[in-house]
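> below is the sequence, then the predicted model.
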Amino acid sequence: MLNYAIRRLLLLIPLLIFVSLFVFAILKLTPGDPATALLGDQATEEAIALARAKYALDEPLPVQYVHMMANFFNGDLQSIFHKDNVLSVVLHRLPATLELGLLSLLIAVIVSIPVGIISAVKRNSFFDYASMSMAMFGVSIPVFFTGILLIYLFAVILKWLPASGYGGHFWTIEGLRHMILPALSLSFVLMASTTRLTRSAMLEVIHQDYIRTARAKGVSRFMVVMFHAFKNALIPIATNIGNQVARMFAGAVLTETVFAWPGVGRLAVNAIFRRDEPLVFGCVLLMAVVYVVINLLVDLLYGFLNPQISYD
Amino acid sequence: MLRFVLIFNVVLLLWFVGEAKTNTDTIVSYGIFLLLTVLLGVMQLVMSRRRKQREDDIRTAWDLMWRKLRRNKSAMAGMWVVTALCYVAILAPFLVPVDPYNMDWGAMSLGPTAGHWLGTDEMGRDTLARTIYATRVAMGIGLLAVVLNSLLGTSLGLLAGYYGGKTDNIIMRLLEFWNSIPFILLAIALMAALGSGLFNLVLVVSLTGILEFARIIRGDSQLLKKADYVNAARVMGIPNRQILRRHILPNCLAPIIVMATLRIGETILTIAGLSFLGLGVQPPMPSLGSMLANGQQFLYENIYMSIVPGSVILLIVLAFNLFGDGLRDALDSRITQ
């Protein structure tokens, strides 16, 4: 398994080269250049030339690319607007996004898996219909609309929770108060899709012979559902959660915008708007790495879920 | 049933004929609607002639699918809403009470009133009119992007599955790489690079999720290429291109339709998201995403500015998802999610 993990991590290298080349190409395609964006229209020619030299914008493109890559990993790549190097700017913002993502993942899993299991076991019951309709709403509602509705309900009308901003880590009370609404709205999509998937995965398993055998042998209903059926339904559920994490990035960018959350998503969006090329480069690269690592973790999880899967 | 739709269309055509020449917008809309009605008419004619020619009661796969779909209530509800939304989108200029760009300085940031059924925004523009136009924009871009996306995904999946080996490896690895770039950032960067126009928006959005599409089609064509009739065709010396087009593609049609329908809702969400960030449809052109972004700023004064566009996005996406789910159940049970 270690071998497999190492091999997968090695695959990161071509991936990073591909992603970075691509992002670099897009950045260079974009009309205008960061020097003029930084100095404004009134800047003198000399000032612009000076700025271009400072950020190595006057070198040939391949040289610029190699510089950018090397400097990014050395921690020498300077952001244009934040007076700091890109790596530390991004790493400084990363915890807020990861906390938000983690909390919403937690909410989604805690709610959706039991609901999905009960829906499958009590198929065609009122509970099943109600939860499936809710799930359908959940996959159809835009994250930012959920966010706005939650703000309106809990911050404007009820005044229970703050409307936006970051209050600290989620294990502090103030931090949790700030994080509940964004985490809830971000978790909605994942919650809905996981509920649907848990239900269908359970339904597929629950009609198989070994389940009937277990019941016939006198194993209690609860034990059969949890240990015979659910354990086998977990693989598609884990796959779905892994896939959805990628979508959560997209959701995170929007959620961070709605709630003025100081995370990587908003950092990246602002960097693009301000034409902070090095920072865009860093953000995208880092997000790609996080994405790959999460997918690797999901793949490794399969081994625990199904011992028949071997990694060679 | 198609007959009733036709009659309805003709009634609408006659109803709006007076207003049709108001401006270019109405002329174009009227023309498109006329064209669609004629197309529907031709379809109806062909179908009824075929039905007459067929004496025995043979049911094709499509008949069976349609019967299965018709029994699914939520799918039918979704279909009707989608149909209604298509009417709204095409006939937008005839349905709006006032010009969506018209600013009424005497009625700014209102809730629902007699003059403005769904209220106005902070510049006194009618929310209902803007929502109708935004629905049109969303549906148009969404459908176009999904068509492009399906074409890309299908052709790459077919090539990878049919040729296998190195081609398969290259295509699938590239798509996997492509998939690992967080899409929203890619889209934002691309929109910044290409400039924000409607055409660019369609292009960028159609590049998402090709991998999932290609994977399904690849699996199907891998199976199909082992079928006897494909082998027979190959032995007969029919070139690969023709085998792909005439034997493999038609058999992949069901999953393509299902995936494309399910993709529409998602695409409309993506477009709304980009517009919400200010990168999609540019003002003053109304779009549901930017209306919501605008509404959030006036959350304390006027909730209707957020509720209306948000609910419309929800309605559109929900309708497409319900319809798509029904189609999936009727056509193809292998595609989950």
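Looks like it arrived, so ask away. Residues are numbered from 1 along each chain as shown, chains lettered A, B, ... in the order given.

> going forward, measure contacts and count neighbours with C-alpha atoms only.
Fine.

> quick one: is stretch B:275-289 near chain A?
Yes: using CA under 8 Å from any CA of the partner chain, stretch B:275-289 reaches chain A at B:Leu277.

> residues in contact with that stretch?
A:254, A:257, B:100-101, B:130-131, B:133-135, B:137-138, B:188, B:191-192, B:196-198, B:201, B:271-274, B:290-293, B:309-310, B:312-313 (CA atoms under 8 Å, 6 or more residues apart in numbering or on different chains).

> need the nearest residue in space to whichever residue of the stretch 1-150 of chain B sits closest to chain A, chain neighbours excluded.
Minimum separation of the stretch 1-150 of chain B from chain A (CA to the nearest CA) falls at B:Ser74, amounting to 10.2 Å. Distances taken as CA to CA, 6 or more residues apart in numbering or on different chains put B:Leu322 closest to B:Ser74, at 6.2 Å, once the chain neighbours are dropped.

> what about B:Trp15, neighbour count?
Neighbours of B:Trp15 under the rule other CA atoms under 10 Å in any protein chain shown: 11.

> before we move on, what SS does it have?
helix (DSSP: H, G, I helix; E, B strand; the rest coil).

> close to chain A: what parts of chain B are there?
B:177-178, B:180-186, B:188-190, B:192-194, B:265-266, B:269, B:272-273, B:277, B:292, B:296, B:299-300, B:306, B:310, B:313-314, B:317-318, B:321-322, B:337.

> which element is the single nearest residue of the stretch 151-300 of chain B relative to chain A on?
When scored by CA to the nearest CA, the stretch 151-300 of chain B has B:Ala193 as its residue closest to chain A, at 3.8 Å. Element membership of B:Ala193 [criterion: DSSP states H and E] is helix B:183-194.

> now the helix or strand following that helix - C-alpha only, PDB.
Sequence-wise, the next helix or strand downstream of helix B:183-194 (DSSP H and E) is helix B:198-206. In PDB, the C-alpha atoms belonging to helix B:198-206 read as follows (Å, rounded to 0.1, in the frame of the first residue of the first chain):
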ATOM      1  CA  LEU B 198     -21.500  35.400 -23.800                       C
ATOM      2  CA  PHE B 199     -19.600  33.300 -26.400                       C
ATOM      3  CA  ASN B 200     -16.600  32.900 -24.100                       C
ATOM      4  CA  LEU B 201     -18.900  32.000 -21.200                       C
ATOM      5  CA  VAL B 202     -20.500  29.200 -23.300                       C
ATOM      6  CA  LEU B 203     -17.100  28.000 -24.300                       C
ATOM      7  CA  VAL B 204     -15.600  28.000 -20.800                       C
ATOM      8  CA  VAL B 205     -18.600  26.300 -19.200                       C
ATOM      9  CA  SER B 206     -18.800  23.700 -21.900                       C
END
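
> next SSE downstream of helix B:198-206?
helix B:210-224.

> any weak-confidence spans in the chain?
Unless you meant another one, I'm taking chain A. Applying pLDDT under 70 to chain A flags the ranges A:31-34, A:36-38, A:41, A:55-56, A:246, A:309-312.

> my question was about chain B
B:54-59, B:332-337.

> tell me which residue is most central in it.
Nearest to the mean C-alpha position of chain B, by CA atoms, centre = their mean, lies B:Leu143 at 3.0 Å.

> so that residue, which of the three states?
B:Leu143 ends up helix, using three-state DSSP.

> what's the local residue count around the residue in chain A that chain B sits nearest to?
Nearest to chain B in chain A, going by CA to the nearest CA, is A:Thr30, at a distance of 3.8 Å. Neighbour count of A:Thr30, defined by other CA under 10 Å: 16.

> circling back to that earlier point, what residues does the helix holding B:Ala193 touch?
Residues from elsewhere that reach helix B:183-194, judged by CA under 8 Å, 6+ apart: A:23, A:26-27, A:29-31, A:249-250, A:253, A:268-269, A:272-273, A:284, B:200-201, B:204-205, B:208, B:274, B:279-280.

> angle of that helix against helix B:198-206?
Angle between the axes of helix B:183-194 and helix B:198-206 is 150 degrees (criterion: axes from the mean of the first three to the mean of the last three CA atoms, to 10 degrees).

> just how off-centre is helix B:183-194 within its chain?
Mean-position distance between helix B:183-194 and its chain equals 21 Å (CA atoms, centre = their mean, to the nearest Å).

> before we move on, what about stretch A:287-297?
10 Å.

> and it, C-alpha only, in PDB?
Extracted in PDB, the C-alpha atoms of stretch A:287-297 (Å, rounded to 0.1, in the frame of the first residue of the first chain):
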ATOM      1  CA  MET A 287      -5.600  23.600  -4.900                       C
ATOM      2  CA  ALA A 288      -4.700  21.000  -7.500                       C
ATOM      3  CA  VAL A 289      -2.300  19.500  -4.900                       C
ATOM      4  CA  VAL A 290      -4.900  19.400  -2.200                       C
ATOM      5  CA  TYR A 291      -7.400  17.900  -4.600                       C
ATOM      6  CA  VAL A 292      -5.000  15.100  -5.600                       C
ATOM      7  CA  VAL A 293      -4.100  14.300  -2.100                       C
ATOM      8  CA  ILE A 294      -7.800  14.100  -1.100                       C
ATOM      9  CA  ASN A 295      -8.400  11.700  -3.900                       C
ATOM     10  CA  LEU A 296      -5.500   9.600  -2.900                       C
ATOM     11  CA  LEU A 297      -6.800   9.400   0.600                       C
END
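
> hmm, it in reach of chain B?
Yes: Stretch A:287-297 is in contact with chain B by CA under 8 Å from any CA, via A:287-288, A:291-292.

> secondary structure added to those, as a markdown table?
Formatted as a markdown table, the residues of stretch A:287-297 next to chain B follow (three-state DSSP):
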| residue | secondary structure |
| --- | --- |
| A:Met287 | helix |
| A:Ala288 | helix |
| A:Tyr291 | helix |
| A:Val292 | helix |
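
> contacts only, for B:Ser221.
Applying CA under 8 Å, 6+ apart to B:Ser221 gives the contacts B:157-158, B:161-162, B:248, B:252.

> with A:Ala238 instead?
The contact partners of A:Ala238, taken as CA under 8 Å, 6+ apart, are A:298, A:301-302.

> got it, and A:Met248?
Counting by CA under 8 Å, 6+ apart, A:Met248 has contacts A:101, A:186, A:190.

> now B:Leu159
B:Leu159 touches B:167-168, B:218, counting by CA under 8 Å, 6+ apart.

> hmm, which of these are the buried ones?
The neighbour-count test (16 or more other CA atoms under 10 Å in any protein chain shown) marks B:168, B:218 as buried among those.

> burial measure for residue 206, as a count.
Since no chain was named, I'll use chain A. A count of nearby residues for A:Ile206, using other CA under 10 Å, gives 21.

> hmm, no, I was thinking of chain B.
Residues near B:Ser206, counting by other CA under 10 Å, number 24.
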